[in-house]
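# coordinates for the following, if possible.
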Amino acid sequence: MNKITIVGANSYIARNLIHYIRTNIRNTELALYDIAEQHIDGQKPYQQINVLDGNEMKKIDFSCDAVFVFTGKTGSLDSFEHYDDFIHINEISLLNIIQEYRKQESKAKIIFPSTRLVYRGKEMALKENEEKEFLTVYAINKYACEQYLKMYHSLYNIDYCILRICVPYGTMIQEAVSYGTAEFMLSKAKNGQDIVLYGNGSQRRTITFIGDLIRILYWAAGSEQCMNDIYNIGGEDYSLYEMAEKIATAYGVRVKFQEWPKEAKIIESGSTVFDSSKLDDIMGDQARIFDGKFSKWIGEQ
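Take a look at the predicted model:
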């Protein structure tokens, strides 16, 4: 790809993607946008934009090969308290981007990261067409965005690729860390605090090291086969207890259990382990072997 536009360039995943491209990919031009005055890592060219202002979308350069959309607000219970922010930042922003994309008559592929939280949790590996369930405003925001892309493709032939992510962890840039499950546990352990799990910690997750996640995102953006469809990104399969136990052992703390708070239990999705065979089959020999990455990452911290 000769040129890539990244909207939401200060996000955790975006910062790692920019680092990956600048470090490993030659002759690729980047156009970066976010609401802050400057890019956190000083990357350029960068422009400040407000994605909720349709007029400011004119600043975005859509004359590119791919547009990564990393704008978004994450949260579970918080999405009920601040539903207006979640609807605007997660949904209206994407629609504003698409509208300007159309005005500029872009032919770029839109890359949209989605979430495990669109699935009804089950004790089985989940394929992309498994039953959906929306327990939070945030979850239905992400599914709505998936549907918007599908609608606009059907009506206006806009190309897209949706990549569902379960639990990312790690970073290739100092300070650019996820606020997800693994980092939360690690932060507790590093401070000498025991790791506390609700219930028995039996819920399972697919966890993906950020280096693998970024490589897959970049590859999918340039693939003519990953087009106008939804793909699960794979990784390693751990229960929350197994993750906590590995980290606790490394730092000499304990894993403790407590009863579920009422609201947290109601919105808990259960086990979400991804079947990523759809994407893996397309990638073929380029599919990453994930085994052992999590243990190695803990040892490097």
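
# residue 2: neighbour count?
By the criterion of other C-beta atoms under 10 Å, residue 2 has 8 neighbours. Where you see a C-beta, it was placed from the backbone N, CA and C, and this is true even at glycine.

# swap in residue 147?
When neighbours are defined as other C-beta under 10 Å, residue 147 has 10 of them.

# so what's it up against?
By C-beta atoms under 8 Å, 6 or more residues apart in numbering, the contact set of residue 147 is empty.

# and it, what helix or strand is that in?
Under the criterion of DSSP states H and E, residue 147 resides in helix 137-156.

# which parts of that helix are buried?
Neighbour counts using 16 or more other C-beta atoms under 10 Å place 137-146, 148-150, 152-153 of helix 137-156 among the buried residues.

# how close does the residue lying closest to residue 203 once chain neighbours are set aside get to residue 199?
Using C-beta to C-beta, 6 or more residues apart in numbering and skipping the chain neighbours, the partner closest in space to residue 203 is residue 271 (5.0 Å). As judged by C-beta to C-beta, to the nearest Å, residue 271 and residue 199 stand 12 Å apart.

# check residue 85 too.
30 Å.

# okay, and for the stretch 201-301 of the chain, where does confidence drop off?
Residues of the stretch 201-301 of the chain that meet the criterion pLDDT under 70 lie in 288.

# repeat that with 50
Across the stretch 201-301 of the chain, nothing is flagged by pLDDT under 50.

# ranges for the strands of it?
For the stretch 201-301 of the chain, the strands defined by DSSP state E, counting those that start in this stretch occupy 204-209, 230-232, 236-239, 255-258, 273-274.

# quick one on the thing from earlier: ok and the next helix or strand after the helix holding residue 147 relative to strand 204-209, angle-wise?
Scanning forward in sequence from helix 137-156 by DSSP H and E, the next helix or strand is strand 160-165. With axes from the mean of the first three to the mean of the last three C-alpha atoms, to 10 degrees defining the directions, strand 160-165 sits at 110 degrees from strand 204-209.
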